[in-house]
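>>> The sequence and its predicted three-dimensional model are supplied below.
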Amino acid sequence: MPGPYFSSFYPEMTRIDYLIIGFWVVLVIVVASSLYMLKRSLDALLEEIKQTNSVAQQLRDQSKHINEVLQEA
C-alpha cells in the first residue's frame, strides 16, 4: 500500500503532512545540488591530474634526452 502522502489514499492532509512533503522536496534539492557541485569539483580535479600527467611525461622525455646526451659525452 502506498504511503499516506497521496491525496487519493489520504483525502485530508494535515499541516504535518505538507511539512513532511516540503522536507523531502528540500532534501532532494539539497542532495541534487550537492551531487552537481561534487561532479564539478571532480571534473576540475581530473583536469588538474591530466595536466600534471602531461607535465610529468614531458619531464620524463627531457630526462631521457639528457641521459642520452650525457652518455654520448
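Here it is on my side, so go on. Numbers count the residues shown, from 1 in each chain.
>>> Now name the helix or strand holding L27.
Under the criterion DSSP states H and E, the helix or strand holding L27 is helix 15-72.
>>> pLDDT on that helix, on average?
For helix 15-72, the mean per-residue pLDDT is 95.
>>> How many residues are close by N53?
For N53, the tally of surrounding residues (other C-beta atoms under 10 Å) stands at 10. Quick note: C-beta positions are derived from backbone N, CA and C, even for glycine.
>>> typo on my end, it should be W24
Counted with other C-beta under 10 Å, the burial measure for W24 works out to 11 neighbours.
>>> And the one 3 residues further on, by the same measure?
The number of residues packed around L27, counting by other C-beta under 10 Å, is 10.
>>> same deal with M13?
M13 sits with 14 neighbouring residues when counted by other C-beta under 10 Å.
>>> secondary structure class for it?
Following DSSP: H, G, I helix; E, B strand; the rest coil, the label given to M13 is coil.
>>> Okay then, goodbye and thanks.
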